[in-house]
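Asks: Fold the following and give me the result.
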Amino acid sequence: MQNIQLINDVDFIEDFSKIATNLTTRDAEDYLEYMCDKTRESPDSNLFLQCPSQATKNNISRIFNFSVSTQENGLVMTYTGYHDDH
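Replies: Model prediction:
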């Protein structure tokens, strides 16, 4: 299995834990693992994870964005932030 370097993973865990209701840091780590699987399927792309409104503290759906690139040492997935899903 190809290694993936994660950039800003701690920021994702903090943001996700801050926004999502009834989810733990472990849940955020599980979502990161899921995104790593998606990264392997879609190298050199932009990916997102949607958190529906019923799963957020303020009932506003959020989109968490990731960019994926192929570099000499393998794949790199960078968490680039989140925004409201309008």
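Asks: which SSE is residue 70 in?
Replies: strand 62-71 (DSSP states H and E).
Asks: mind exporting stretch 34-44 as CSV, just the C-alpha atoms?
Replies: Extracted in CSV, the C-alpha atoms of stretch 34-44 (Å, rounded to 0.1, in the frame of the first residue of the first chain):
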residue,chain,number,x,y,z
TYR,A,34,-11.1,7.3,4.7
MET,A,35,-9.7,10.3,2.9
CYS,A,36,-6.3,8.5,2.5
ASP,A,37,-8.1,5.7,0.8
LYS,A,38,-9.8,8.1,-1.5
THR,A,39,-6.4,9.7,-2.2
ARG,A,40,-5.0,6.4,-3.4
GLU,A,41,-8.0,6.2,-5.8
SER,A,42,-7.7,9.8,-7.1
PRO,A,43,-4.1,11.0,-7.0
ASP,A,44,-3.4,14.6,-8.2
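Asks: in it, what counts as buried?
Replies: 35, 36, 39 (16 or more other CB atoms under 10 Å). All C-beta atoms are positioned from the backbone trio N, CA, C, and that covers glycine.
Asks: Which of the residues you listed fall in helices?
Replies: 35, 36, 39 (DSSP state H).
Asks: where does the first one land on pLDDT?
Replies: According to the per-residue confidence, residue 35 scores 95 in pLDDT.
Asks: next one: residue 15
Replies: Reported pLDDT for residue 15: 95.
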